[in-house]
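K.L.:
How does the following fold in three dimensions:
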Amino acid sequence: MQQVALVTGGSRGIGAGICRTLAGQGLAVIVNYRQNAAAAEQVVQSINRSGGNAVAVQADISRPDDRDRLVQQAFDWQGRLDVLVNNAGIAPPRRVDLLELEEAEYRQVLEVNLNAVFFLSQAVVRRMLAQPGESRRVIINISSVSAEFASTDRAAYCISKAGMGMLTQLLAARLAGEGIGVYEIRPGITATDMTAPVKEKYDRMIADGLLPMPRWGQPEDVARIVAAIVAGHFDYATGQVFYADGGLHIRRL
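P.N.:
A predicted model of the protein is given here:
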């Protein structure tokens, strides 16, 4: 029986890397995207040309109706869903001091990065528990080192990722008895569209010794951890947080 994975925000960056890696591992993959249909289709075609099985599904996960449709289409495609990777997220519209942060901006980030993840996970798990047969079922939340690193000009983003950390723990505790493992991955400075505007800044910081491993992270660094979790190498470690940050989280003197 082929496992089926849904990857939100799967058309670019870390999400695209996860989609390709899971497909290479033999999973059927649903590539969710919000608006860049061309990028999503490129990921799907690259997977299918390599002998994999993928389909693109448009949905804005911050919209309840879109979430419902995404879940329905995901389960309709292959009749089941075994893996949910909550990868979709947005950067704050502006880097601004937290005392100047506007409520609309705060709500926008929290709605996508945290609220949508909660309710999508809830909807998927309900269907997972009702699907026939047994398989390894996994939820993986792609968070950020910003869950614990305070950036006062990105308050909403940091709060959203910290909240995802607690959501991971809550889901892991609730679902362990149901045979569903829940994990969190915290990428560090990773080369994606989101970090492109601050590339020069982080290039300097990395050169000055910010990271024990002095290089940018790549989407594949995160994807390989996802693949190991899905393969079952950490079945007895539900609730675990994995860092893909080149050692950034290590406290050093």
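
K.L.:
Helices of the stretch 151-253 of the chain, start to end?
P.N.:
Using DSSP state H, counting those that start in this stretch, the helices of the stretch 151-253 of the chain run over residues 155-175, 199-207, 219-230.

K.L.:
Mean pLDDT lowest where, among those?
P.N.:
With a mean of 93, helix 199-207 has the lowest mean pLDDT of the helices of the stretch 151-253 of the chain.

K.L.:
deepest of the helices of the stretch 151-253 of the chain, which one?
P.N.:
helix 219-230 (a mean of 21; mean count of other Cβ atoms under 10 Å). All C-beta atoms are positioned from the backbone trio N, CA, C, and that covers glycine.

K.L.:
just the CA coordinates of that helix, formatted as PDB?
P.N.:
Presented in PDB, the C-alpha positions along helix 219-230 are these (Å, rounded to 0.1, in the frame of the first residue of the first chain):
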ATOM      1  CA  PRO A 219      15.700  22.900   1.700                       C
ATOM      2  CA  GLU A 220      17.100  19.400   1.400                       C
ATOM      3  CA  ASP A 221      18.600  19.700   4.900                       C
ATOM      4  CA  VAL A 222      15.000  19.900   6.200                       C
ATOM      5  CA  ALA A 223      13.600  17.400   3.700                       C
ATOM      6  CA  ARG A 224      16.000  14.700   4.800                       C
ATOM      7  CA  ILE A 225      14.800  14.900   8.400                       C
ATOM      8  CA  VAL A 226      11.200  14.700   7.200                       C
ATOM      9  CA  ALA A 227      12.100  11.600   5.200                       C
ATOM     10  CA  ALA A 228      13.800   9.900   8.200                       C
ATOM     11  CA  ILE A 229      10.700  10.600  10.400                       C
ATOM     12  CA  VAL A 230       8.300   9.300   7.700                       C
END
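
K.L.:
Would it be right to say that residue 30 lies in a strand?
P.N.:
Yes: the assignment for residue 30 (DSSP: H, G, I helix; E, B strand; the rest coil) places it in a strand.

K.L.:
Specify the beta-bridge partners of the closest residue to it other than its chain neighbours.
P.N.:
Once flanking residues are discounted, residue 30 sits nearest to residue 6: 4.5 Å by Cβ to Cβ, 6 or more residues apart in numbering. Beta bridges link residue 6 to residue 30, residue 84 when assigned by DSSP bridges.

K.L.:
All set now, cheers.
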